[in-house]
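>>> Have a look at this prediction, sequence included:
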Amino acid sequence: MKYVILVSSLVLVCMGSCTSSGLSEGNQRDDVIKIYNTNCGICHGKDGRKGLAGAKFLPESELNLKERISIITNGKGQMMPYKNILSEKEIKAIAEYTMTFE
């Protein structure tokens, strides 16, 4: 029960505080990292290895780009969907960024 309350609380906090800052033309990588850290880092961690609330270890993922985009867009398991929070361009950029984790 405590686990369910913790996960629910984290989702509510993230829904209330996670906003996208958009991708600028000049410094896109820094923007992607900022958006990732704000929206994904709470559970996945800055290096994709945190694993909070059942989050997958991203460096070990064998998902291709299309599959990653689908999960970020629609959510999976306890992960909420980001289709109404981030733009398609931001979602794709984050999916690409997660493929750089080692």
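Received the coordinates, thanks. Numbering: from 1, shown residues only.

>>> give me the low-pLDDT residue ranges for this structure?
Along the chain, segments meeting pLDDT under 70 span 1-21, 24-26.

>>> Based on its surroundings, how many neighbours for Gln28?
Neighbourhood size, Gln28 [other Cβ atoms under 10 Å]: 12. For glycine as for every other residue, the C-beta is placed from the backbone atoms N, C-alpha and C.

>>> Does it touch Lys92 like I think?
No. Contact criterion Cβ atoms under 8 Å: Gln28 and Lys92 do not qualify, at 11.5 Å.

>>> show me where this protein has helices.
For the chain, the helices defined by DSSP state H cover 2-17, 28-39, 41-44, 65-74, 88-98.

>>> With Phe101 as the reference, measure out to Gly48.
As for Gly48, its distance to Phe101 is 4 Å (criterion: Cβ to Cβ, to the nearest Å).

>>> just Gln28 next, same as before
For Gln28, the distance to Phe101 equals 18 Å [Cβ to Cβ].

>>> Same question for Met79.
Distance, Met79 to Phe101, using Cβ to Cβ: 16 Å.
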